[in-house]
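Enquirer: Sequence first, predicted coordinates after that:
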Amino acid sequence: MSLPPLVEPAAELTVDEVRRYSRHLIIPDVGMDGQKRLKNAKVLCVGAGGLGSPALMYLAAAGVGTLGIIEFDEVDESNLQRQIIHSQADIGRSKAESARDTVKGINPYTDVILHEMRLEADNVMDIFSQYDLIVDGTDNFATRYLVNDACVLLNKPYVWGSIYRFDGQASVFWSEHGPCYRCLYPEPPPPGMVPSCAEGGVLGVLCASVGSIQVTEAIKLLAGVGDPLVGRLMIYDALEMQYRQVKVRKDPDCAICGENPTVTELIDYEAFCGVVSDEAQEAAAGSTITPKQLKEWIDDDESIEIIDVREPNEYEIVSIPGARLVPKNEFLMGTALQDLPQDKKIVLHCKTGVRSAEVLAVLKSAGFSDAVHVGGGVIGWVNQIEPDKPVY
């Protein structure tokens, strides 16, 4: 469906701006009017990471007049494989400041507003109200639902993208004209069921593919051209080099944009999504050890069986000495239980402690009452015990 332009055009373009945007100006569907609308637009990017990097860079290059960046993290070396807005020299810097400097280097005519904070229910409404359009580049479900609900309550459109390994998705959610994110995903997946990019990985260039789709949709909405992805989900398979679309209909029973909404204000999104399930939290209570405790057990030749519940490719990068690899899914399927020793204490670990807590709950219910897991996982082990080992 075609939609009216999201913003009014600016009064004029300077001579320098005409020269800069000349390749846009000669496109009939953009022209002088469309470029003036981009100049007058205020767009907020949630995150300056994998998707935020190409989004911010191309929005700036396109001539968006004001770009907001909400980001609280610092640049880590593991970011550089995909977060192209940052460089080697930016390691340890604020991502927001690094992104701002790159944006200003691309287009000095773009104003950049930094929000160096974590997006939360107590600040999202105030921040979002300052912008015409939101571009969502987040990588966790709690923030995705927060972004969606705030946009619905403020009646603002937002462009959503998601990436994992070789797969990407993108859509435009605008409850006034179509479905919202909750119409597509009414409930978050069970905690620990869907690995994050930090756990499962992502092909770096996939960020560019999906991020550029997001920018294309943003430009179409701002300038009022083309047919935005409202009511459509774009799915990209990089391995097969294949795009396909799925229609997404507005759910009349949607909890927030339906005919009788039950969510009428922002909620506790961490609790709603459950970073760790109740069962895992209960299992981990009193059954969590530190990396230093595990090191003492190893040095004292305690009768323990250390089990790494990550994936094989993670195990190849770094592992705890003596750990045996048994991926989490084998526990969820029940196939790993029969091979566990009965005469040793089971010690589980993963990357950070989330997956191992979920497996711990499985073991507790199967009768392994003295099983424990390592809080902080292999990352904690490297930081505290073997700092020379690589982390990912």
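Expert: That came in fine, so what should we check first? Residues are numbered from 1 along each chain as shown.
Enquirer: Might you list the low-confidence residue ranges for the chain?
Expert: Low-confidence segments of the chain, defined by pLDDT under 70, span residues 190-196, 198-199, 274-275.
Enquirer: Need the single longest helix in it, by residues.
Expert: Longest helix in the chain, counting residues (DSSP state H): helix 206-223.
Enquirer: Check which helices and strands that helix is in contact with.
Expert: helix 31-40, helix 52-62, strand 133-136, strand 158-164, strand 167-173, strand 232-237 (3 or more Cβ pairs under 8 Å, 6 or more residues apart in numbering; DSSP states H and E). Quick note: C-beta positions are derived from backbone N, CA and C, even for glycine.
Enquirer: Show me the contact partners of the fourth one.
Expert: By that I understand strand 158-164. In this structure, residues lying in contact with strand 158-164 by Cβ atoms under 8 Å, 6 or more residues apart in numbering are 50-51, 133-137, 139, 144, 147-148, 151, 168-174, 181, 195, 197, 200, 202, 206-207, 210-211, 213-214, 217-218, 221, 229.
Enquirer: Generate a PyMOL selection restricted to the buried subset of those residues.
Expert: In PyMOL, a selection of the buried entries from the contacts of strand 158-164 looks like this (16 or more other Cβ atoms under 10 Å):
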select buried, resi 50+51+133+134+135+136+137+139+144+147+148+151+168+169+170+171+172+173+174+181+195+197+202+206+207+210+211+213+214+217+218+221+229
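Enquirer: so P252 sits right up against P179, yeah?
Expert: No. Applying Cβ atoms under 8 Å as the test, P252 and P179 come out as separate, 10.6 Å apart.
Enquirer: more neighbours, the two?
Expert: Of the pair P252 and P179, P179 is the one with more neighbours under other Cβ atoms under 10 Å, namely 23 against 10.
Enquirer: Identify the residues contacting the more buried one.
Expert: Contacts of P179 (Cβ under 8 Å, 6+ apart): F173, V230, G231, V248, R249, K250, D251, C254, C257.
Enquirer: how does it look with 10 Å?
Expert: Taking Cβ atoms under 10 Å, 6 or more residues apart in numbering, we find P179 in contact with 171-173, 230-233, 247-251, 254, 257.
Enquirer: sorry, back to before: the longest helix of the chain vs helix 31-40, what angle?
Expert: 110 degrees (axes from the mean of the first three to the mean of the last three Cα atoms, to 10 degrees).
Enquirer: now helix 206-223, how far from the centre of its chain.
Expert: Taking Cα atoms, centre = their mean, to the nearest Å, one finds helix 206-223 lying 16 Å from the centre of the chain it belongs to.
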